[in-house]
Structure formats: structure tokens, C-alpha cells
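Take this sequence and fold it.
(2 chains)
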Amino acid sequence: NAGVTQTPKFRILKIGQSMTLQCTQDMNHNYMYWYRQDPGMGLKLIYYSVGAGITDKGEVPNGYNVSRSTTEDFPLRLELAAPSQTSVYFCASSYGRDFYEQYFGPGTRLTVT
Amino acid sequence: RKEVEQDPGPFNVPEGATVAFNCTYSNSASQSFFWYRQDCRKEPKLLMSVYSSGNEDGRFTAQLNRASQYISLLIRDSKLSDSATYLCVVNYQTGANNLFFGTGTRLTVIP
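I've put the predicted structure just below:
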């Protein structure tokens, strides 16, 4: 069981470039999440999904897009990267939503310059 | 006002010491509570859920005080391996933003 995997681990983008952060889980979880973690701040929810084909915005969705075509995969798309998107991005999954443990991937460290 | 507030620390304690962290939350409708542990440059991992009656897991004890809207984590007999950042997490069960993370309390256990 690999759990939640994310690629890439690190990336440097120039302002205005786009990229996709990949996230895959092999636990057959319906719920998946994308968070960003900035220094000195708590994790902020960007988008989440309750199952294949269903996604919804979190607290900080601007500048990002997601899709969920399969149970396993939940990619996060950054369009027109800005310095404010420099952060560590974590993907997570859970069996259920409210009372269940969230399992996190190892994170992607993104720098936009 | 932040949804979840924690003292960022750092807490520097000697091995074998007992240390306690508190976390306050702003929404009285909060439904579930957790402590996650995050090692330096790693992902968060669940340490323990916090139940209304309080719960213990080995050297770790979590308490919930709904009246005062805070949760606590007590670590007894601290080990070097306990050095990490401890994240307080609260669930409001409303809309998309149902899980709120504190900024974390950093603990360093000193030999």
C-alpha cells in the first residue's frame, strides 16, 4: 500500500507558467483534498472531492483548478502562476469526511519566481 | 479571529519531562477534534482523535473542554522522537471548510 503519492516533490516555476500537481491514492477513499501550507500558517483547503466526477471549492480556490475522473487520481492545476502561490502543497484522502483520519501525501514544494 | 489558535512555541523540554499544549477554537458548533503530528519538512500524520470524555494513548493524553472551547494534549516522559510540530485540528461540519488546522506548536525534546 503506497498510500497517497504526489509528484513532483519540488518545482520552480516562472511567473505566468502553468503546471499540474499529481496526486494518487490506493486506499479506495472517496474523499480527496488539496491543501496549501505557508510558513507560520495552518493548512488551508484549496479544493476537495467527495467522489469521481464531483469537486468543490475550499477556502482558497482562486488560481487553481481540479478534476476527479477516477477514484484514485486528483490532480491540481495551477494556471498563470504567481509568487503568492509559492507554498507547500499537500494532497490528502479519507474514507469519510467529518470524523475520519486524513492521510496526507509527502507534499510538493513549489516556488514561483 | 482565527478559527483555531495555538501557541506556536517553541517548547524546549528535557527528556523525561511532561509537557502540555492547549488549543482554542472559535466555533461552538465544532463536532470533532484531532491532534496531528508534523515532522520537519514532512506531511501531517494523525496522532490521536479527541473524544468528549478525554482519551489516552500511551504517554499521550488528550482532553476536550467544550464549555471553554479548548482542547489539550499532554505528553508524559518526553522522548527525543517526540520532537515535532503538533497541529490542532477542528471540524465544524458545515460546508466545504469543515476542517480547520491550527498553525502548530513546535516541540523540541533536549537530551
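
For the rest of this, base every contact and every neighbour count on C-alpha atoms.
Will do.

Which helix or strand contains residue 88?
You didn't pick a chain, so chain A it is. Assigning secondary structure by DSSP states H and E places residue A:88 in strand A:87-94.

um, chain B though
Using DSSP H and E, residue B:88 falls within strand B:84-91.

Contact partners for residue A:88?
By Cα atoms under 8 Å, 6 or more residues apart in numbering or on different chains, the contact set of residue A:88 is A:36, A:37, A:38, A:107, A:108, A:109, A:110.

hmm, who's touching the very next helix or strand once past the strand holding residue A:88?
On the C-terminal side of strand A:87-94, the closest following helix or strand by DSSP H and E is strand A:103-104. Contacts to strand A:103-104, defined as Cα under 8 Å, 6+ apart, come from residues A:3, A:4, A:90, A:91, A:92, A:93, A:94, B:43, B:44, B:45, B:46.

Quick check: nearest residue in space to the fifth one, chain neighbours excluded?
This points to residue A:92. Leaving aside its chain neighbours, residue A:92 sits nearest to residue A:104 (4.2 Å; criterion: Cα to Cα, 6 or more residues apart in numbering or on different chains).

Please apply the same query to residue A:27.
residue A:3 (6.3 Å).

ditto for residue B:56
Per Cα to Cα, 6+ apart, closest to residue B:56 is residue B:62, 6.3 Å.

I'd assumed residue B:55 was in contact with the one you found.
Yes. Using Cα atoms under 8 Å as the test, residue B:62 is close enough to residue B:55 to be in contact (5.5 Å).

which of the two has more neighbours?
Shown here are residue B:62 and residue B:55; by other Cα atoms under 10 Å in any protein chain shown, residue B:62 has more neighbours (25 against 16).

Can you tell me the centre-most residue of chain A?
Most central in chain A under Cα atoms, centre = their mean is residue A:34, positioned 2.9 Å from the mean C-alpha point.

Am I right that it falls within a strand?
Yes. Assessed with DSSP: H, G, I helix; E, B strand; the rest coil, residue A:34 lies in a strand.

what's the pLDDT at it?
With respect to pLDDT, residue A:34 scores 97.

now do residue B:3
pLDDT, residue B:3: 85.

Neighbours of it, how many?
What residue B:3 shows, counting by other Cα under 10 Å, is a neighbour count of 15.

Can you name the residues of chain B sitting close to chain A?
Taking Cα under 8 Å from any Cα of the partner chain, the part of chain B that reaches chain A is made up of B:32, B:42-46, B:91, B:93, B:96-104.

and residue A:53, what does it touch?
Applying Cα under 8 Å, 6+ apart to residue A:53 gives the contacts A:67, A:68, A:69, A:70.

The first one contacts residue A:75, doesn't it?
Yes. The pair residue A:67 and residue A:75 qualifies as a contact (Cα under 8 Å) at a distance of 6.3 Å.

who does the closest residue to residue B:48 other than its chain neighbours bridge with?
Among residues not flanking residue B:48 along the chain, residue B:35 sits closest, at 5.4 Å (Cα to Cα, 6+ apart). Beta bridges link residue B:35 to residue B:48, residue B:88, judged by DSSP bridges.

Leaving out sequence neighbours, find the closest residue to the residue nearest to the centre of chain A.
Sequence neighbours aside, residue A:91 is the residue nearest to residue A:34 in space, at 4.6 Å (criterion: Cα to Cα, 6+ apart).

burial count for that neighbour?
Using other Cα under 10 Å, residue A:91 is surrounded by 32 other residues.

I am finished for the moment; much appreciated.
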